[in-house]
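Engineer: mind folding the following:
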Amino acid sequence: MTATTAPSARKRRPWVPVVIVLAVIAALVAVFFIADAIVRGVAEQRVKAEIEQHLPSNVQADVQVSIGGVSVIGQYLAGTFDEVRLSDAKLTVDGIPLDVDVTATGVPVEQDQPIGNVTSTITVDAQGAQQITKAAGLTGKLTLGKDVVGYADELKALGLTVPYSFEVKPTTSADRVTFVPTKVDVDAGAFGTIDLSRAAEALLATNPPSLCVAQYLPAGATLDGLTITPKQATAHLSSTTLRLDAASLQTLGTCS
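Structural biologist: Sure thing, here's the model as predicted:
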């Protein structure tokens, strides 16, 4: 009778080294992503601190920073962050609340270098728009409509008080907002309401009133458009020259 040979306890398992290598690689990848997440958080806090430190003194903000892209470490070593988003729904300028959202692409690690492209929106609600009116020294009531801004007040002259109201449709260029009158009414008391829309349109046709907005923005920022609804007004801005250093953020533009 032939004896049966027992299986060897040391039988080779060729897949064991492969499993070990894969486990080591997986552990290294996990460590890298954990480290990258930590670096991402540190970088976001650093950007937040730098921006808030360099804002003008009349601006109060709690900026939320998000750095996009797969690896922050890889982007840092390359010298440029793919995308950085900044937002603050409760930023205030001279106490006026604004909702600010900024997306920057091609953001250099070195702060003295220009950002590739910056697009942003600044939104003010109807109440904030009224606060802007008061800050400008106007005593009347400002209202927002569909693509128009309304204003109502009283004119006092020769002992008379004459209520009036008007609506304007803002149009924008790179550095200013121009106001084209669409409706002008004057309350003439016993004579009723006088519609001066056509007269105002003819009078201001060649030289409508305008506001230089560049003086409120960092130098190089341009106004791309203005969206107005009954609830809020939103300015759309962009720049290809903005930097994250104090000189760029605090140097305001001028109008031609």
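
Engineer: would you map the strands across the protein?
Structural biologist: 59-60, 64-67, 80-93, 96-108, 117-125, 141-144, 149-157, 160-172, 176-187, 193-195, 210-212, 222-228, 232-239 (DSSP state E).

Engineer: give me every residue that touches Val124.
Structural biologist: By Cβ atoms under 8 Å, 6 or more residues apart in numbering, the residues touching Val124 are Ile96, Pro97, Leu98, Asp99, Ile132, Gln232, Ala233. The way it works is simple: take the backbone N, C-alpha and C, and place the C-beta from them, glycine included.

Engineer: how far away is the nearest residue to the second one once chain neighbours are set aside from Ala78?
Structural biologist: The spatially closest residue to Pro97, leaving aside those adjacent along the chain, is Gly128, at 5.1 Å (Cβ to Cβ, 6 or more residues apart in numbering). Using Cβ to Cβ, to the nearest Å, Gly128 is found at 40 Å from Ala78.

Engineer: where are the low-confidence patches of the stretch 101-250 of the chain?
Structural biologist: In the predicted model, the stretch 101-250 of the chain carries pLDDT under 70 at residues 189-192, 199-206.

Engineer: the same query, at a cut-off of 90, please.
Structural biologist: For the stretch 101-250 of the chain, residues meeting the criterion pLDDT under 90 lie at 109-113, 129, 131-140, 142, 151-168, 171, 174-220, 241-250.

Engineer: quick one: the residue nearest to Pro97 and Gly95 touch, right?
Structural biologist: No: using Cβ atoms under 8 Å, Gly128 makes no contact with Gly95, being 9.7 Å away.

Engineer: between those two, which one's more packed in?
Structural biologist: Ranked by neighbour count (other Cβ atoms under 10 Å), Gly128 and Gly95 place Gly128 first, with 19 against 10.

Engineer: which residues touch the more buried one?
Structural biologist: Applying Cβ under 8 Å, 6+ apart to Gly128 gives the contacts Ile96, Pro97, Leu98.

Engineer: pick out whichever of the residues you listed sits closest to Val213.
Structural biologist: Leu98 (13.8 Å; Cβ to Cβ).

Engineer: do you know how far the closest one is from Asp125?
Structural biologist: For Leu98 relative to Asp125 (Cβ to Cβ), the value is 9 Å.

Engineer: look at those two and report which has more neighbours.
Structural biologist: In this view Leu98 and Asp125 are compared by other Cβ under 10 Å, and Leu98 has more residues nearby, 19 against 16.

Engineer: quick check: the gap between the residue nearest to that one when sequence neighbours are not counted and Phe179.
Structural biologist: For Leu98, ignoring the flanking residues on the chain, the nearest one in space by Cβ to Cβ, 6+ apart is Leu91 at 5.0 Å. Going from Leu91 to Phe179 by Cβ to Cβ gives 25 Å.
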